[in-house]
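Asker: pasting the sequence and the predicted coordinates here, then a few questions.
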Amino acid sequence: MIGLIAITVAGRASAARLAEAWPNETRTYDGPPKQALHRAWAECDGLVCFLAAGATTRLVAPLLDSKWVDPAVVCVDEAGRYAVALVGGHAAGANVLCARVADVLGAQAVITTATDAAGLPGLDTLGWPAEGAVARVSRALLDGEQVGFEADATWPLPALPVAIGGAGLRRIVVTDRIVPIDENTAVLRPPSLVAGVGASKGVAADEVLALLDEALAVGGLSRGSVAALATVDAKAAEAGIVAAARQGGWPLRGYPAGQLAAVEVPNPGKAALAAVGTPSVAEAAALICGDELVVTKRKSAMATVALARIRPRGRLAVVGLGPGDRGLITPRAIDELRRASVVVGLDRYLDQIRDLLRPGTRVLRSGLGEEDQRASSAVAEARKGLAVALVGSGDAGVYAMASPALAIAGADIDVVGVPGVTAGLAAAALLGAPLGHDHVIMSLSDLHTPWEVIERRVQAAAEGDFVVAFYNPRSQDRDWQLGAALEILARHRRPETPVGVVHDAFRPGQRVLVTTLADVDPAVADMRSVVIVGSASTQTITGRMVTPRGYKWQRP
Ligand code: SAH
């Protein structure tokens, strides 16, 4: 039993939400907090106190005996923003209770026990149906116990601290098959099956679902792994099929008859050919969505169903980390880092984000200049079926890892790009509003691009009166290129044209300089700088670079 102790109005409202969510598990204790807590302590194995951590600590302190007998204590702040596992994290299950409370209240779970458990993905948070001893196995993971892991195939899962293929008292099994489960086994159902469905006009949803269940039973497969229903376009609005999909919570995909007709199937039929123009609906549609037919066509009075299995695909997320400041990493980038089981990147970027990774994440680091190797190892890991994040500073597609990786990534993996704040935007924000009108981004590195090409592009930017943001402006070995580029621009622009130099934007050691084409000393820039040169209309206004948005409406 879980005891709920609240005294304030807000606390009682949160307590009521828990009571409603877990009607048979909770008991609400009213009255003065001390008495309420004493009674709950005696009667419950878990306590949720809607009180400050300090107040809760004082109340429970005299009651504490040992972690083997004390109940779990979780406290929740007045605003319901945090649920804190205060006492009995492991033995009494406060960590698990805390996570459950946080789930219901939309609060953040605060777990402070020594195992690095806080970063674990909950088994029920992967978005896959979970069956069996989910709570017990989650608890074992939180407690740092060795948990065995078996899977039919490699799925792109987040890092789990499990013994892959190895033994443990508790185990996680990832399968779409019906398997015997004991009290120590949690089964995760991957989205690995697709049901091809055909039907005559007026079929009932129940008939479709019953036939689907029959097909699953014949194949020894679980409904929890059905990822989608597929049919021919002409049947995609058939009420019984639509309702069956809705009841199962599955998307319904329709395909043109011509596409289905081209699929080779074991059981083509004349009736379907006459009715909808393809010899097979169920088997062909299943095979278009899936990779391998696992249950051939089954028929009822008005429906047909066949099942295909979808081979899992690896996932490559190409993730921009922004210029360096934690506040400029996007939440989606953080999600992708936590979703990955392998993270690939340059040493110094990985150091920035190590604390964001889940425990057990494999980190493949490499040094500067090893771009091709980084790209190919990221792609190779994704090809194994894993969830990989390839990270880069700024935006990973701007003079960075996305292009070498995607140049070799095949159609056999999913690729997800997460944009980041690129250095040019970071520098611009520090300088003012230099990019308010048309601009170009250029790299001055002639390591991979002949200088003649760079020169021609600078010339074009100069003639086109674009604002220019130079990346890689200058290094120890490339010390003349920036000067040469500025000279080209100076031939087309006034000497007072504003120039901004930003070193280490949004990083420790940040320097921001606004000067002019006449005065700028190329030596102030280095490999950690961006140089932005204004256009004919760029002005310096109270020390800030401003490029007007238009030509007419802003002119005085
Ligand atoms: N993918 C990165 C760019 C890589 S090229 C991005 O989108 O930002 C490397 C160049 O980017 C450096 O030579 C420098 O010119 C620029 N750069 C990257 N981060 C920077 C920062 N924080 N401050 C200033 N310049 C930066």
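Answerer: Ah, there it is.

Asker: in the stretch 201-350 of the chain, what residue is nearest the ligand?
Answerer: Proximity of the stretch 201-350 of the chain to the ligand (CB to the nearest ligand atom) peaks at residue 323, 3.6 Å away. Bear in mind the C-beta positions are built from the backbone N, C-alpha and C, glycine included.

Asker: where does the stretch 251-400 of the chain come near the ligand, residue by residue?
Answerer: 323, 324, 392, 393, 394, 395, 398, 399, 400 (CB under 6 Å from any ligand atom).

Asker: one more time with 8 Å, if that's ok
Answerer: By the rule CB under 8 Å from any ligand atom, the part of the stretch 251-400 of the chain lying against the ligand is 320, 323, 324, 392, 393, 394, 395, 396, 397, 398, 399, 400.

Asker: between those residues, which sits nearest the ligand?
Answerer: Using CB to the nearest ligand atom, residue 394 comes nearest to the ligand of these, at 2.0 Å.

Asker: distance-wise, check that closest one relative to residue 529.
Answerer: Residue 394 sits 13 Å away from residue 529, going by CB to CB, to the nearest Å.

Asker: what segments of the stretch 1-150 of the chain are strands?
Answerer: 2-6, 26-29, 46-50, 72-76, 82-87, 108-110, 130-132, 147-151 (DSSP state E, counting those that start in this stretch).

Asker: residue 296: what's it in contact with?
Answerer: Shown in contact with residue 296 (CB atoms under 8 Å, 6 or more residues apart in numbering): 266, 267, 283, 306.

Asker: for it, grab phi and psi.
Answerer: When quoted as degrees, to the nearest 10, the phi and psi of residue 296 stand at phi -70, psi 170.

Asker: pLDDT weak spots in this structure?
Answerer: 113-122, 124-125, 163-166, 551-556 (pLDDT under 70).

Asker: may I have the helix ranked longest in it as CSV, with CA atoms only?
Answerer: Longest helix in the chain by number of residues (criterion: DSSP state H): helix 205-219. Output of helix 205-219 as CSV, limited to C-alpha atoms (Å, rounded to 0.1, in the frame of the first residue of the first chain):
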residue,chain,number,x,y,z
ALA,A,205,-14.0,-4.9,-37.5
ASP,A,206,-14.5,-7.8,-35.2
GLU,A,207,-14.1,-10.2,-38.0
VAL,A,208,-10.9,-8.6,-39.2
LEU,A,209,-9.5,-8.6,-35.6
ALA,A,210,-10.5,-12.2,-35.0
LEU,A,211,-8.8,-13.3,-38.1
LEU,A,212,-5.7,-11.3,-37.3
ASP,A,213,-5.6,-12.9,-33.8
GLU,A,214,-6.0,-16.3,-35.5
ALA,A,215,-3.1,-15.6,-37.8
LEU,A,216,-1.0,-14.4,-34.8
ALA,A,217,-1.8,-17.6,-32.9
VAL,A,218,-0.9,-19.8,-35.9
GLY,A,219,2.4,-18.1,-36.1
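
Asker: show residues contacting that helix.
Answerer: Outside helix 205-219, the residues touching it (CB under 8 Å, 6+ apart) are 193, 195, 197, 199, 222-223, 226, 239-241, 243-244, 247-248, 294-295, 298-307.

Asker: kindly recompute the last result at 7 Å.
Answerer: 195, 197, 199, 222-223, 240-241, 243-244, 247, 294-295, 298, 300, 302-303, 305, 307 (CB atoms under 7 Å, 6 or more residues apart in numbering).

Asker: just the buried ones from the residues you listed?
Answerer: Among the contacts of helix 205-219, those classed as buried by 16 or more other CB atoms under 10 Å are 195, 197, 199, 222-223, 240-241, 243-244, 294-295, 298, 302-303, 305, 307.

Asker: tell me which entries of these lie within strands.
Answerer: Assigned to strands by DSSP state E, the following of the buried ones among the contacts of helix 205-219 qualify: 195, 197, 199, 294, 295, 298, 303, 305, 307.

Asker: would you check which pair of the residues you listed lies furthest apart?
Answerer: Farthest pair in those (CB to CB) is 199 and 294. Separation: 20.5 Å.

Asker: what is the end-to-end distance of stretch 398-407?
Answerer: With CA to CA, to the nearest Å applied, stretch 398-407 spans 14 Å between its terminal residues.

Asker: try stretch 285-301
Answerer: Terminal-residue distance, stretch 285-301 (CA to CA): 20 Å.

Asker: what's the spacing between that stretch and its chain's center?
Answerer: Distance, stretch centre to chain centre, for stretch 285-301: 31 Å (CA atoms, centre = their mean, to the nearest Å).

Asker: rewinding a little: what's near enough to touch the residue of the stretch 201-350 of the chain closest to the ligand?
Answerer: Here residue 323 is in contact with 393, 394, 421, 423, 426, 505, 506, 507 (CB under 7 Å, 6+ apart).

Asker: got phi/psi on it?
Answerer: phi -70, psi -20.

Asker: cool, residue 503 as well?
Answerer: The phi/psi pair for residue 503 (degrees, to the nearest 10) reads phi -110, psi 130.

Asker: nearest to the ligand: which residue in the stretch 101-250 of the chain?
Answerer: In the stretch 101-250 of the chain, the residue that lies nearest the ligand is residue 156 (24.6 Å; CB to the nearest ligand atom).

Asker: which strand residues bridge the closest residue to that residue other than its chain neighbours?
Answerer: Nearest residue to residue 156 in three dimensions, chain neighbours excluded: residue 387, at 3.6 Å (CB to CB, 6 or more residues apart in numbering). Bridge pairing for residue 387 (DSSP bridges) gives the partners residue 315.

Asker: how close does residue 387 get to residue 311?
Answerer: In terms of CB to CB, residue 387 sits 16 Å off from residue 311.

Asker: more crowded one of the two?
Answerer: A count of neighbours by other CB atoms under 10 Å puts residue 387 above the other of residue 387 and residue 311, at 25 against 12.

Asker: these two touch, right, the more buried one and residue 341?
Answerer: Yes: using CB atoms under 7 Å, residue 387 is in contact with residue 341, at 5.3 Å.

Asker: joint contacts of the two?
Answerer: When contacts are counted by CB under 7 Å, 6+ apart, residue 387 and residue 341 have 157, 158 as shared neighbours.

Asker: thinking again about what came up before, in a markdown table, list the strands of the stretch 1-150 of the chain along with mean neighbour count.
Answerer: Formatted as a markdown table, those follow (neighbours: other CB atoms under 10 Å):
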| stretch | mean neighbour count |
| --- | --- |
| strand 2-6 | 25 |
| strand 26-29 | 17 |
| strand 46-50 | 28 |
| strand 72-76 | 29 |
| strand 82-87 | 23 |
| strand 108-110 | 17 |
| strand 130-132 | 18 |
| strand 147-151 | 19 |
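
Asker: tell me where the stretch 51-200 of the chain has helices.
Answerer: Along the stretch 51-200 of the chain, counting by DSSP state H, counting those that start in this stretch, helices occupy 53-60, 94-105, 134-142.

Asker: which helices and strands does the second one pack with?
Answerer: Using 3 or more CB pairs under 7 Å, 6 or more residues apart in numbering; DSSP states H and E as the contact test, the elements touching helix 94-105 are helix 9-21, strand 72-76, strand 82-87, strand 108-110, helix 134-142.

Asker: the last one to helix 94-105, inter-axis angle?
Answerer: Angular relation of helix 134-142 and helix 94-105 on a 0 to 180 degree scale: 120 degrees, by axes from the mean of the first three to the mean of the last three CA atoms, to 10 degrees.

Asker: packing partners of helix 134-142?
Answerer: By 3+ CB pairs under 7 Å, 6+ apart, helix 134-142 packs against helix 94-105, strand 147-151, strand 170-174.
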